[in-house]
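J.: model this:
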Amino acid sequence: MSPNLVIEREREKRKGKQKATITTYRTIQQTSICSQRPAVPSLTMMIPIWFGPSESNIMDVVMPHANMVLDPRFMGGWVHAYEFSFSVKGRTLTITRTDADEGWPDDFHLRAYLPTEDIPDFTSTVYTCWGLEHERAPKDVTEVNFHPSVTTIQNGTFYFCRSLVRVKIPDHVTHIERFAFKCCHSLKSLQLSTNIEFIGKMAFHSCESLEAVFLPPTVTHIGDDAFGGCYSLRFFNLPEPIQHLGSNVLQGCDSLSTTVSNNLSKVCYSTSVTPQSIQKCIAAHGIECATEVNDQQMTALHILCANPHVTVDCIRAYLQFAPEAAEQQDSEEMTPFQYLCTNDITFLDDRSFSSLMAWWYGCMPPQTETTGKKRKRG
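T.: Prediction:
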């Protein structure tokens, strides 16, 4: 559970200027669970800015503390991206819009730090998510970390972060709100929290490079169009039962394969797959379930190798029963090992992969060794 937060809204006016609202988050209580993780700093805040359609592109905002440090990086609103320049003098923030949409109405929030806080490197493309209301990540972010206190990724936090390639969401996150990762066009690898419960409307809409989504059984809510427009999506499982399934969840996902209709594929889609569960399933249902292919010529081993929660021992357990499955090419001429290589958020580093390959080549049957098929890593 997250700390109980009190939102204290202070409204300040300057004569002839616009009105700004400063939202200050103060942690007032810690549960026994949250006390085991660092809390969000008591004055962590986002400062809201609003430019109306017919008002000046220069405005002043009175901040709650003097000489606060603001993140200057390029961000985006709900509809338009924007650029700005600003200066801080005492408690006065003067901000000027400098983007091409000058004059267009827009609202956004700036991340503000006290001089005594641990201020990040604003030139870095690595971003730490704090789970703040109205939080927006810089548009050039390529890598994301999550503060240990985060349980909810807020609305639109990573909206239009087009350089973001991979995301690993830790297990203390349970909610992903609407539009959280919408239009992250380069996002290819996603590892969800194994405790995720809620995925909001259009949370991953138009993530055009995303190839695989492995949902844990804890998911109870998937909003409308949550994964719509994910044109490259090939692997997707839907936990059963699910309390709320929105409309058009997979609209436009034309690359999605038909799951191999056997029990082994369900085991390989599991976010808690183990070598024992694989061995038990194959022993119960026969080796045929390990070599059966679907409409895109995929075996359950393809699914297993795309699973971001996979371990070396899981793959070994599968191959001990059906080594020939490693040679199976799908309709895209991809072998299971090639999916393993592109699954770059799994714990399988180069050393682990090399160890697996050495084991595999050492135990291959002679007839498989001489098939002449070329293996390539990615």
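J.: how is the residue most central in space within the chain assigned, secondary-structure-wise?
T.: Per Cα atoms, centre = their mean, the C-alpha nearest to the average position across the chain is that of V167, at 4.2 Å. Following DSSP: H, G, I helix; E, B strand; the rest coil, the label given to V167 is strand.
J.: do the same with S247
T.: Secondary structure, three-state DSSP: S247 is coil.
J.: would you mind listing the residues in contact with it?
T.: S247 sits next to D224, D225 when contact means Cβ atoms under 8 Å, 6 or more residues apart in numbering. To be clear about C-beta, it is placed using only N, CA and C from the backbone, and glycine gets the same treatment.
J.: what's the spacing between the closest residue to R178 other than its chain neighbours and S355?
T.: Closest residue to R178 apart from its sequence neighbours, by Cβ to Cβ, 6 or more residues apart in numbering: G200 at 3.7 Å. Note on G200: its distance to S355, by Cβ to Cβ, to the nearest Å, is 40 Å.
J.: more neighbours: the two, which one.
T.: Applying other Cβ atoms under 10 Å to G200 and S355 shows that G200 carries more neighbours, namely 23 against 13.
J.: and the gap between L192 and Q243?
T.: Per Cβ to Cβ, L192 is found 17 Å from Q243.
J.: neighbour count: these two, which is higher?
T.: Counted by other Cβ under 10 Å, L192 and Q243 do not tie: L192 has more neighbours, with 23 against 9.
J.: which one is the more buried one nearest to, not counting chain neighbours?
T.: Closest to L192 by Cβ to Cβ, 6+ apart is I169, at 5.4 Å.
J.: just give me the neighbour total for that neighbour.
T.: When neighbours are counted by other Cβ under 10 Å, I169 comes out with 22.
J.: do I have it right that it meets F146?
T.: Yes. Counting by Cβ atoms under 8 Å, F146 is a contact partner of I169 at 6.9 Å.
J.: R111 pairs with what?
T.: Partner residues in beta bridges with R111, using DSSP bridges, are M46.
J.: quick one: low-confidence parts of the stretch 151-300 of the chain?
T.: 258-261 (pLDDT under 70).
J.: show me where it has helices.
T.: Ranges of helices within the stretch 151-300 of the chain are 263-269, 275-285, 288-291, 300-306, based on DSSP state H, counting those that start in this stretch.
J.: quick one: N248 and D224 touch, right?
T.: Yes. Shown here, N248 and D224 form a contact pair, counting by Cβ under 8 Å, at 6.1 Å.
J.: what is in contact with those two at once?
T.: Shared contacts of N248 and D224 (Cβ under 8 Å, 6+ apart): none.
J.: now the strands for the stretch 51-200 of the chain?
T.: 58-62, 69-70, 75-76, 81-82, 84-89, 92-97, 106-113, 126-129, 143-146, 152-153, 166-168, 175-176, 189-191, 198-199 (DSSP state E, counting those that start in this stretch).
J.: just checking: what are the partner strands of the last one?
T.: Looking at strand 198-199 with DSSP bridges, its partner strands are strand 175-176 (parallel), strand 221-222 (parallel).
J.: make CSV from those strands and add distance to A290 to it.
T.: Shown next, in CSV, are the strands paired with strand 198-199 (distance: least, Cβ to Cβ, whole Å):
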stretch, distance to A290
strand 175-176, 33
strand 221-222, 30
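J.: return the most buried member of the ones you listed.
T.: strand 175-176 (a mean of 23; mean count of other Cβ atoms under 10 Å).
J.: which residues of the stretch 1-150 of the chain score low on pLDDT?
T.: Flagging of the stretch 1-150 of the chain using pLDDT under 70 yields the residue ranges 1-45, 48, 50-56, 74-83, 99-108.
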